[in-house]
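Asks: Attaching a predicted model along with its sequence, questions to come.
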Amino acid sequence: MIGEKILHYRIIEKLGEGGMGVVYKAEDTKLKREVAIKFLPHHVLSNAEEKQRFEIEAQAAAALNHPNITTIYSIEESKDDIFIVMEYINGIELKEKIKKGLTNIDDSLSIISQIAEGLKAAHQKGIVHRDIKSSNIMINNTGQVKIMDFGLAKVKGVSHITKLGTTLGTTAYMSPEQARGEHVDHRTDIWSLGVIMYEMFTGRLPFKGEFDQAVIYSILNEEPDSLTANKEGMPVKLESIIGKMLEKEPDSRYKNIDEFLIDLREGNSKTEVKKESVENTIAVLPFENMSSDKEIDFITEGIAEEIIVNLTGLKDMKVVPRANSLQYKGTNKDIKKISRELEARYIITGSVQKFQDNIRISVQRIDILNNRQLWANTYKGKLADIFDIQGEVSKQAVEATIAFDCYLQARNFLTRRTKNSVKIAIDLFQKAVNLDPKFSAAYAGLGEAYSIIYRDFEREEIWLDKALEVGHKAVEHDPTSSESYAALGMAYFGKNNLNDALDATKKSIELDSNNYNAYWILARIYHTTDRESEAAEALEKLVKINPEFLQAYQDLLMYYERLGEKKKYNQALEASLNIYPKYLAKHPDDAYRRMSYAVSLAYANRNEEAKAEGNKSLKVNPKDPIMMYYGACLYSRLKENKHAVELLKSAIENGYENFEWIKRDPDFENIRNEPEYIELMKDK
């Protein structure tokens with residue numbers, strides 16, 4: 001076929017092949033332009049239904065004139081061939097773009113908005129696509145989106161060629177009604193767009209299975225994993241939007257694309273406030289009466305009410321009012337849906353059982369976004385003591401919630417990476433485990449903080465001993481916790497016990513393949529053993545999971561530099577220079593990240609900007625050893641060697657003692673031969 005001429009079209013190359021045809025790139029020799037030609041396969045030409053469906057694609061798409069829909073030029077016949085001539089799009093399939101990693105939320109939202117605008121135009125013409133999927137979306141070299149392949153389109157006013165009960169489309173993107181072979185309308189495209197959104201933001205499909213029927217079962221019966229749990233920095237409002245698009249019942253979805261677009265645009269403009277609000281919100285649902293005795297209903301409502309009253313006094317926690325929660329009494333609604341409707345990340349729920357004069361109360365707190373149980377307990381006693389038991393349930397539920405609030409605050413302080421902030425994090429983690437002695441994640445966080453103190457500030461073995469002790473406690477209380485094994489891996493790494501460090505870190509990733517912190521530790525282990533290629537590979541996975549883990553970019557630059565990977569180095573540098581300003585616009589007081597940004601600017605030879613950002617950071621924390629260390633990196637890159645050595649000396653004098661890292665850090669190549677540096681590192 002390549003090189004042949006059909007009518008006035010010269011075939012250049014094959015572009016792709018699917019169930020509804022083979023597509024070639026061709027030259028229109030009359031109009032001197034490149035086109036795409038889609039042939040109906042010969043083996044289905046004799047099938048009247050397939051042929052009619054092919055013609056409907058041409059008619060449906062040709063009726064649409066929109067910048068986000070592939071333009072159809074004509075439908076042609078030549079001998080035994082029937083083919084559609086359409087615009088040639090020089091670009092990439094969205095599916096391929098997703099595989100490479102979409103790291104920018106704004107760019108992703110632009111793609112989604114363009115797909116939606118194209119679908120809106122089709123729906124206004126009474127055309128339902130019915131096969132929206134990432135491989136049917138092209139993005140040209142200017143970023144413009146084009147919807148392709150209307151081969152399964154349903155056109156209003158055209159008699160159906162597919163019998164009811166027949167399923168058409170690509171299984172993983174089918175709506176429930178489509179999977180059941182029922183009547184579909186424009187809301188099936190809204191569902192499929194929701195699947196694409198989920199795929200874009202997580203890198204995987206929401207409904208999975210090893211074969212088509214397993215996927216269909218998942219579509220009909222299961223809820224997708226939390227989007228925000230799988231992608232750090234993802235606005236919670238987007239999960240709510242996708243949840244509405246993926247409602248099993250069409251009537252519960254957006255009524256039309258316009259309604260979706262309004263929500264998307266409004267939600268995007270308010271995501272930061274909304275995200276903070278939802279993430280600090282907890283709902284207490286009415287406890288379930290597991291007995292046939294309706295007279296104990298007062299207990300189920302009373303426990304919930306007492307917990308709500310006691311939680312309301314917490315400063316940093318928003319509690320859903322009792323009246324809003326009470327509507328879910330006796331409901332069978334999925335808890336993820338309840339969470340979305342109440343806009344609450346955390347749910348406290350439980351049950352009450354009565355047997356004769358004995359009472360049993362079970363209670364749990366769930367993190368819906370991360371799909372995990374944070375705390376649970378069971379209480380037993382006599383019905384006569386119900387008010388004492390109820391008080392104990394409420395007390396412990398509130399203490400566990402306060403403990404978790406301390407944990408979240410500690411995590412926030414830990415990310416700031418100054419000596420003072422890490423010490424504050426340690427105090428908060430300790431308070432959390434004092435309130436809840438079985439709080440595995442808090443023990444893990446405490447272990448991580450101890451390891452950071454050792455690595456960056458105080459090279460005393462006691463910190464690593466403490467890190468190992470609480471790391472083992474974390475595993476003991478929750479052997480399925482990825483976070484616990486990551487903390488252990490970090491402690492073993494500090495001890496230079498690299499085999500145990502590697503085992504613990506790999507176990508962490510095995511338990512949770514989205515634990516980006518574990519990938520960072522793994523990369524550090526590989527780097528220490530001169531396995532730079534594997535270190536870089538670990539961090540490449542990390543930035544796909546969490547593009548806002550800024551430290552990864554600095555380490556990637558170091559690894560690529562050592563590997564001589566100039567192209568990848570430049571790509572990582574460009575990504576770094578794009579993401580830091582966006583982060584700093586939201587967190588202007590984060591001196592640690594500002595200094596890292598300054599170092600990236602120096603890598604890019606933007607020296608004056610680098611100095612300005614670096615000096616801002618040093619003014620915020622002039623005595624912090626980490627600030628001084630990165631300042632030394634910055635000025636070494638700027639070839640201001642004397643200043644670099646002075647800052648490095650100050651960093652060491654103020655507690656930075658990771659001399660092995662100093663020896664391996666390529667940022668200091670410019671000062672290695674300075675007499676002051678040689679003297680400083682003597683006997684180190």
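Replies: All right, it came through fine. Remember, predicted model here, so these are calculated numbers, not experimental data. Numbers count the residues shown, from 1 in each chain.
Asks: and Lys586, how many neighbours does it have?
Replies: 8 (other C-beta atoms under 10 Å). (Each C-beta comes from the backbone N, C-alpha and C, glycine too.)
Asks: Could you pull up the contacting residues of Asn658?
Replies: For Asn658, the contacting residues are Arg455, Asp456, Arg459, by C-beta atoms under 8 Å, 6 or more residues apart in numbering.
Asks: possible to save those residues as JSON lines with pLDDT?
Replies: Shown next, in JSON lines, are the contacts of Asn658 (pLDDT from 0 to 100):
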{"residue": "Arg455", "pLDDT": "84"}
{"residue": "Asp456", "pLDDT": "79"}
{"residue": "Arg459", "pLDDT": "78"}
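Asks: So which of those residues are in helices?
Replies: If you go by DSSP state H, the contacts of Asn658 have Arg455, Asp456 in helices.
Asks: Looking at the contacts of Asn658, which is nearest Glu532?
Replies: Arg455 (19.8 Å; C-beta to C-beta).
Asks: surely that closest one meets Asn496?
Replies: No: applying C-beta atoms under 8 Å as the test, Arg455 and Asn496 come out as separate, 11.7 Å apart.
Asks: who's more crowded, these two?
Replies: Under the criterion of other C-beta under 10 Å, the comparison of Arg455 against Asn496 puts Arg455 first, with 19 against 10.
Asks: Now do that one against Asn371, distance only.
Replies: 31 Å (C-beta to C-beta, to the nearest Å).
Asks: And Val284, by the same measure?
Replies: Applying C-beta to C-beta to Val284 and Asn371 gives a distance of 19 Å.
Asks: Same drill for the two, tell me which one is more crowded.
Replies: Val284 (29 against 14).
Asks: ok now do the more buried one, which residues does it touch?
Replies: By C-beta under 8 Å, 6+ apart, Val284 lies in contact with Ala304, Ile307, Ile308, Leu311, Val319, Val320, Arg322, Ser325, Ile347, Ile348, Thr349.
Asks: Tell me the bridge partners for it.
Replies: Ile348 (DSSP bridges).
Asks: Local confidence estimate at it?
Replies: pLDDT, Val284: 91.
Asks: Can you convert the contacts of Asn658 into a markdown table and add a column each for distance to Tyr629?
Replies: Listed next are the contacts of Asn658 as a markdown table, based on distance: C-beta to C-beta, whole Å:
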| residue | distance to Tyr629 |
| --- | --- |
| Arg455 | 11 |
| Asp456 | 8 |
| Arg459 | 14 |
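Asks: Gly489: which of the contacts of Asn658 is nearest?
Replies: Nearest member of the contacts of Asn658 to Gly489, counting by C-beta to C-beta, is Arg455, at 13.0 Å.
Asks: That closest one and Tyr583: what is the separation?
Replies: 23 Å.
Asks: Mark out where each domain of this protein begins and ends.
Replies: Taking automatic domain parsing as the reference, the chain has its domains at 5-87, 91-277, 280-394.
Asks: could you pull out the helices for the stretch 501-650 of the chain?
Replies: Counting by DSSP state H, counting those that start in this stretch, the stretch 501-650 of the chain has helices at residues 516-528, 532-545, 551-563, 566-586, 591-603, 607-620, 625-637, 641-653.
Asks: Make CSV out of those helices and add mean pLDDT and distance to Thr170.
Replies: As requested, the helices of the stretch 501-650 of the chain are exported to CSV (pLDDT from 0 to 100; distance: least, C-beta to C-beta, whole Å):
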stretch, mean pLDDT, distance to Thr170
helix 516-528, 93, 31
helix 532-545, 92, 24
helix 551-563, 90, 34
helix 566-586, 89, 32
helix 591-603, 89, 41
helix 607-620, 90, 48
helix 625-637, 90, 49
helix 641-653, 92, 56
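Asks: could you dump those helices to JSON lines with distance to Ala486?
Replies: Formatted as JSON lines, the helices of the stretch 501-650 of the chain follow (distance: least, C-beta to C-beta, whole Å):
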{"stretch": "helix 516-528", "distance to Ala486": "4"}
{"stretch": "helix 532-545", "distance to Ala486": "12"}
{"stretch": "helix 551-563", "distance to Ala486": "15"}
{"stretch": "helix 566-586", "distance to Ala486": "23"}
{"stretch": "helix 591-603", "distance to Ala486": "20"}
{"stretch": "helix 607-620", "distance to Ala486": "28"}
{"stretch": "helix 625-637", "distance to Ala486": "21"}
{"stretch": "helix 641-653", "distance to Ala486": "27"}
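Asks: closest one to Trp191 among these?
Replies: Per C-beta to C-beta, nearest to Trp191 of the helices of the stretch 501-650 of the chain: helix 532-545, 25.8 Å.
Asks: other SSEs contacting the closest one?
Replies: In this structure, helix 532-545 packs against helix 516-528, helix 551-563, with contacts taken as 3 or more C-beta pairs under 8 Å, 6 or more residues apart in numbering; DSSP states H and E.
Asks: Quick check: which of those helices is buried the most?
Replies: helix 516-528 (a mean of 23; mean count of other C-beta atoms under 10 Å).
Asks: Show me the contact partners of it.
Replies: 232, 448, 482-483, 485-486, 489-490, 493, 498, 501-502, 505-506, 508-509, 512, 532, 534-536, 538-539, 541-542, 545-546, 549, 551-552, 555, 558-559, 660, 664.
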